[in-house]
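Peer 1: Model the following, please.
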Amino acid sequence: MERRWCAEKFSMSSDLHEANGTWQSVTIHSDRYDTDLHELARTLIADAKIMMVDDEELNMEILQVHLEEEGYRRFVSVCDSTQAMQRIREERPDVLLLDIVMPRVTGYDILSLIRADEKLRYLPVIVLTSANDAQTKLKALKLGATDFLAKPIDASELALRMRNTLTAMAWQKRMSEVDPLTDLPNRVWFTQLLRHKLDDCRAAGSVSALILVNINRFKSINDSLGPARGDEVLVAFGNMMLQCFRQGKKQAWFSSDVPGVILPTISRLDGDRFAVYMPLSERGELDDTLAKSTETLIDSLNTPFMISGQPIYLGVSVGVSILSPQTQSIESLINNAETAMLFTRRRSDKTFSIYSDFMDAKARELLSIENGLRTAVDNGEIFMVYQPKVDVKSNQINGAEALVRWLHPEFGLISPVNFIPLAENSGMIVSIGEWVLRESCFQARRWMQMGYVDFRIAVNVSIRQLHEPDFIDTVKNALIDSALPPESLIIELTENMIMENAESNVVKLQKLKSLGVRISIDDFGTGYSSLSYLQRFPLDQLKIDRSFIKEILSETCSTPIVKAVISLAHDLGLSVVAEGIETPTQLMHIRRLNCEEYQGFLCSKPVIAAEFQELLESDYRHQA
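Peer 2: Residues are numbered from 1 along each chain as shown. As a prediction, the model looks like this:
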């Protein structure tokens, strides 16, 4: 009985095969798979280890002659069936040709033992039998035979069944070890690679690096553009990784690179995480190698991915762990790279981090902080401070920027630089951000009722909040419940934030603007805004980043960036706020450039509501 399931189920090869006098075309539905399987079939035929178990040596010699004509080169012959299982475990063949009728230990016995063995149960077994009765074949099938060959062996049928068996193996291997989206090796294959490399480095005393690369805020891209566009981003990023680490050379997942050419190996582990195995000739070259590779990666990310005609900017966090003879396990190696990656994500001054022991203690501390953050609002640990926004011409306070602070019961006052990224990564920023928005609106309304009728409150919003489906309703409800006039609320977003998925953000901001609120771009000048998009965004205000204000050392010094930003904003019909004003000289300089407002320690640091009210009252008495 000829079994066609391999070809029909797996659509394995585009070659034409002759079987029972008819020709059938077996096709792959993807050119990518077709190329891989053709190449793999050639590789498997050349590399496949074929074991033959038969008590007749002449039968095995005939089989070997036929197979050598087809290109097979590696053979193991076993004529003593009592030794078969031991030899199978030692040799680990790719295909077993097994005679059924043998003295002492039959083919049925061996087949049963193979399928009961955890490591051998998936070994392809082609049964050789001269019996034509259905009962013999049915018994072999029930025991797990892969295919049959009738004795005497027909050379063309042997070649076909061997090729089909190996190609079915190839397809199953591809399905289990290759990421279907990016066509990169998956976590299963990559973990196996690392285990082999760990064995090698223990034997040779060598070192290498595991590099973990995580796409920052990928969920927001997926949520705003949809899963289909998110998949396009992942494919484009995978191709960019190949370009950065392998000069664009795709690695065949089933074979090694060209001998003598040492290139890193890239895998998509899951979701938005990619991994790179990087061979090193010595430990001392690690920092330089990683710095160069990471610099190439970051430079590449400065150019946006064009997805359906829309520019998408990506950021990454990179963590590294060292594979050495001292590595305890592959699991610890991956966990260490994950710890280093998270360390990088929380440090704006680093592009990558190499794992060290102190990070574990830091990770435990951060876990404690993250757990505490979940109940911080309910426990009254989160509170607001307000920094005055001052009119440059009149020097009168006309509003404030609302800033959140956290007094942890164990660690004390925790900087927003430390807990805001945690909140964003965990998603808690949504609930915390809503509390901040509502608290700020109610506080601003109280000050307006005290007589400061023109008071405006600025509230920072994260990209995670902006992309929440109910964000517009959240803002609307905060305004209604607090009775704050919409024009008294300023929503602040960072420059880089709105340029991520700019097209969808234009729509989102237009809906926000329709509520009547004002929209401000924070930290302007530090990102990569497109002037065409600046014209399309419904903006009211730009805030010049404090890093440019620091360059103002005298009233008449040259500050071309500050001057250009103010001029650009005015041309676009926007007002300007200068952040970080600390000296009268800086204030005089921006006044000469017709900047409308400023924030900074020259007026006041951020203070709690009661102290801010004192500032308002003092300012009001002074103006009176």
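Peer 1: What's the biggest helix in this structure, counting residues?
Peer 2: Longest helix of the chain, by residue count under DSSP state H: helix 155-177.
Peer 1: and it, what other elements does it pack with?
Peer 2: Here helix 155-177 touches helix 5-10, strand 16-19, helix 31-47, helix 57-69, strand 95-99, strand 125-129, strand 147-150, helix 187-204, going by 3 or more CB pairs under 8 Å, 6 or more residues apart in numbering; DSSP states H and E. C-beta coordinates here come from the backbone N, C-alpha and C atoms, glycine included.
Peer 1: Give me the mean pLDDT for the last one.
Peer 2: Helix 187-204 shows an average pLDDT of 88 in the prediction.
Peer 1: Residue 606 is in contact with residue 383, isn't it?
Peer 2: No: contact criterion CB atoms under 8 Å: residue 606 and residue 383 do not qualify, at 11.2 Å.
Peer 1: quick one, which of the two is more surrounded?
Peer 2: A count of neighbours by other CB atoms under 10 Å puts residue 606 above the other of residue 606 and residue 383, at 18 against 14.
Peer 1: what's the spacing between the more buried one and residue 223?
Peer 2: Separation of residue 606 from residue 223 (CB to CB, to the nearest Å): 31 Å.
Peer 1: can you give me the helices in the stretch 501-624 of the chain?
Peer 2: Assigned by DSSP state H, counting those that start in this stretch, the helices in the stretch 501-624 of the chain fall at 502-513, 531-536, 546-549, 560-571, 584-592, 609-623.
Peer 1: Using a markdown table, lay out these together with mean pLDDT and distance to residue 310.
Peer 2: Converted to a markdown table, these look like this (pLDDT from 0 to 100; distance: least, CB to CB, whole Å):
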| stretch | mean pLDDT | distance to residue 310 |
| --- | --- | --- |
| helix 502-513 | 87 | 4 |
| helix 531-536 | 73 | 11 |
| helix 546-549 | 90 | 29 |
| helix 560-571 | 91 | 24 |
| helix 584-592 | 94 | 36 |
| helix 609-623 | 84 | 41 |
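Peer 1: how about a markdown table for these, with distance to residue 130 and mean neighbour count added?
Peer 2: Shown next, in a markdown table, are the helices of the stretch 501-624 of the chain (distance: least, CB to CB, whole Å; neighbours: other CB atoms under 10 Å):
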| stretch | distance to residue 130 | mean neighbour count |
| --- | --- | --- |
| helix 502-513 | 69 | 17 |
| helix 531-536 | 77 | 13 |
| helix 546-549 | 85 | 18 |
| helix 560-571 | 88 | 16 |
| helix 584-592 | 97 | 18 |
| helix 609-623 | 94 | 14 |
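Peer 1: Save the ones you listed as TSV, and put in distance to residue 217 too.
Peer 2: Below are the helices of the stretch 501-624 of the chain laid out as TSV (distance: least, CB to CB, whole Å):
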stretch	distance to residue 217
helix 502-513	13
helix 531-536	18
helix 546-549	23
helix 560-571	26
helix 584-592	33
helix 609-623	32
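Peer 1: Out of those helices, which is closest to residue 521?
Peer 2: Nearest to residue 521 among the helices of the stretch 501-624 of the chain is helix 531-536 (8.2 Å), distances taken as CB to CB.
Peer 1: Got the phi and psi for residue 356?
Peer 2: When read as degrees, to the nearest 10, the backbone of residue 356 gives phi -140, psi 160.
Peer 1: so how far is residue 326 from it?
Peer 2: Counting by CB to CB - residue 356 and residue 326 are separated by 14 Å.
Peer 1: And the strands in the stretch 201-350 of the chain?
Peer 2: For the stretch 201-350 of the chain, applying DSSP state E, counting those that start in this stretch gives strands covering 207-215, 265-270, 273-280, 305-307, 310-312, 316-323.
Peer 1: I'd like those as CSV, with mean pLDDT appended.
Peer 2: Below are these laid out as CSV (pLDDT from 0 to 100):
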stretch, mean pLDDT
strand 207-215, 90
strand 265-270, 91
strand 273-280, 90
strand 305-307, 84
strand 310-312, 81
strand 316-323, 88
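Peer 1: who wins for proximity to residue 486 among those strands?
Peer 2: Nearest of the strands of the stretch 201-350 of the chain to residue 486, taken as CB to CB: strand 310-312 at 29.4 Å.
Peer 1: That closest one pairs with which strands?
Peer 2: Next to strand 310-312 in the sheet, as set by DSSP bridges, lie strand 305-307 (antiparallel).
Peer 1: Pull out the buried residues from the strand it pairs with.
Peer 2: Across strand 305-307, burial judged by 16 or more other CB atoms under 10 Å covers 305, 307.
Peer 1: Off-centre distance for it?
Peer 2: Here strand 305-307 is found 17 Å from its chain centre; the criterion is CA atoms, centre = their mean, to the nearest Å.
Peer 1: wait, isn't residue 77 in contact with residue 52?
Peer 2: Yes: proximity of residue 77 to residue 52 meets the contact threshold set by CB under 8 Å, at 5.2 Å.
Peer 1: can you list residues touching both of those two?
Peer 2: 60, 64 (CB atoms under 8 Å, 6 or more residues apart in numbering).
Peer 1: So those two - more neighbours on which side?
Peer 2: Counted by other CB under 10 Å, residue 77 and residue 52 do not tie: residue 52 has more neighbours, with 24 against 17.
Peer 1: which residues touch the more buried one?
Peer 2: Residues in contact with residue 52 (CB under 8 Å, 6+ apart) are 59, 60, 63, 64, 75, 76, 77, 78, 96, 97.
Peer 1: helix/strand/coil for it?
Peer 2: Here residue 52 is recorded as strand under DSSP: H, G, I helix; E, B strand; the rest coil.
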